[in-house]
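Asker: Task: produce atomic coordinates for the following.
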Amino acid sequence: MHKSSLDKMNKFREDYLDEHLHRKLKILDIGSCDVNGSYKHIFEDVDNWIYVGADITVGNNVDVVLADLYDWKEIKSNTYDVVITGQTFEHIEFFWITVLEIWRILKPGGYCCIIAPSAGHEHKFPVDCWRFYPDGFRALCKYSGLVELKIYTQWDSMNYDDGSDVWRDSVLICKKPHLPFIQEILRSIRNYCIRKIF
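Answerer: Next up, the predicted model:
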C-alpha cells in the first residue's frame with residue numbers, strides 16, 4: 001500500500017469518521033488482502049469500531065472470502081456503517097456491479113471511500129483494467145444512487161519518497177441516502193437484476 005493512498009484514507013477518517021469515535025461502527029475493507037500493507041491500522045485503534053477485511057482470496061488481513069466478486073452472499077444487506085476500498089477498483093472488470101453491492105451492504109446514511117489510480121503503469125493482479133477521474137466517480141454515484149460528498153484527484157506531485165505520486169490517485173467519498181422503504185425495495189430489485197445479467 002503506497003504512502004499517498006494511506007494518507008488519503010487517513011484524511012477520509014479524520015474528515016468523516018472521527019466525529020463518530022464514540023459510536024459503534026462496522027467498517028468493511030474491500031480488497032483487504034495485505035500484499036504490501038493495508039488500511040487496517042487506520043481504523044483498529046478505536047475500541048468502538050469493528051474492522052473487517054474482505055477479498056476474493058484467503059490471505060493476511062482477510063476475514064471474509066467473497067466467492068463471487070459481484071454477488072456477496074456472505075454479507076447481509078444494510079450491515080456496514082462504512083465501506084472502504086483502495087487500489088482495488090482498477091483490478092475489477094465490472095466495477096459498476098461491485099458498487100451496487102457496496103450500496104446494498106451499506107446501512108442508510110453509511111459512508112463509502114474509494115481510492116483508485118488515475119495514472120501509473122500497468123500492474124496486473126490478476127488484471128489491470130481501469131484508471132479513474134472525478135467525472136468517472138461522479139457517473140458511478142449517479143449510476144449506483146450513492147450521494148457524492150467529495151471527489152478529487154491528486155493531479156500534482158506531493159514528493160512522496162516511495163514513488164507513489166506516479167498513481168495520481170482519485171478519491172470518491174459518498175454516502176448511502178436514507179430512502180423511503182418502497183424506494184429501497186425497488187432499488188434493491190433493480191440492482192439484483194443488473195447483477196444477474198453479468
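Asker: Residue for residue, what is the longest helix the chain has?
Answerer: helix 181-197 (DSSP state H).
Asker: how about that one as CSV, C-alpha atoms only?
Answerer: What follows is helix 181-197, C-alpha atoms only, in CSV (Å, rounded to 0.1, in the frame of the first residue of the first chain):
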residue,chain,number,x,y,z
PHE,A,181,-39.0,1.9,2.3
ILE,A,182,-40.6,1.4,-1.2
GLN,A,183,-37.7,3.1,-2.9
GLU,A,184,-35.3,0.9,-1.1
ILE,A,185,-37.1,-2.2,-2.3
LEU,A,186,-37.3,-1.0,-5.9
ARG,A,187,-33.6,-0.1,-6.0
SER,A,188,-32.7,-3.5,-4.4
ILE,A,189,-34.7,-5.3,-7.1
ARG,A,190,-33.1,-3.2,-9.9
ASN,A,191,-29.6,-3.9,-8.5
TYR,A,192,-30.3,-7.6,-8.2
CYS,A,193,-31.4,-7.7,-11.9
ILE,A,194,-28.3,-5.9,-13.1
ARG,A,195,-26.0,-8.2,-11.1
LYS,A,196,-27.7,-11.3,-12.6
ILE,A,197,-27.0,-10.0,-16.2
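Asker: And it, what does it pack against?
Answerer: Here helix 181-197 touches helix 95-105, going by 3 or more Cβ pairs under 8 Å, 6 or more residues apart in numbering; DSSP states H and E. Just so you know, the C-beta spots here come from the backbone N, C-alpha and C atoms, and that holds for glycine as well.
Asker: Please state the offset of the helix it packs on from the chain centre?
Answerer: When distances are taken as Cα atoms, centre = their mean, to the nearest Å, helix 95-105 is centred 9 Å away from the chain's centroid.
Asker: Then stretch 4-20?
Answerer: Centroid displacement of stretch 4-20 relative to its chain, using Cα atoms, centre = their mean, is 13 Å.
Asker: where do the helices sit along the chain?
Answerer: 3-12, 40-43, 95-105, 134-144, 181-197.
Asker: how close does residue 21 get to residue 85?
Answerer: Distance of residue 21 to residue 85, computed by Cβ to Cβ, to the nearest Å: 22 Å.
Asker: and if you look at residue 188?
Answerer: Taking Cβ to Cβ as the measure, residue 188 falls 21 Å from residue 85.
Asker: again, but for residue 68
Answerer: Taken as Cβ to Cβ, the span from residue 68 to residue 85 is 16 Å.
Asker: Show me which of the two is the more surrounded one.
Answerer: A direct count of neighbours by other Cβ atoms under 10 Å for residue 68 and residue 85 places residue 85 higher, at 25 against 11.
Asker: Hmm, residue 33 and that one touching each other?
Answerer: No. The pair residue 85 / residue 33 is not scored as a contact, 11.8 Å apart, by Cβ atoms under 8 Å.
Asker: what sits against residue 165?
Answerer: Residue 165 sits next to 4, 154, 157, 158, 159 when contact means Cβ atoms under 8 Å, 6 or more residues apart in numbering.
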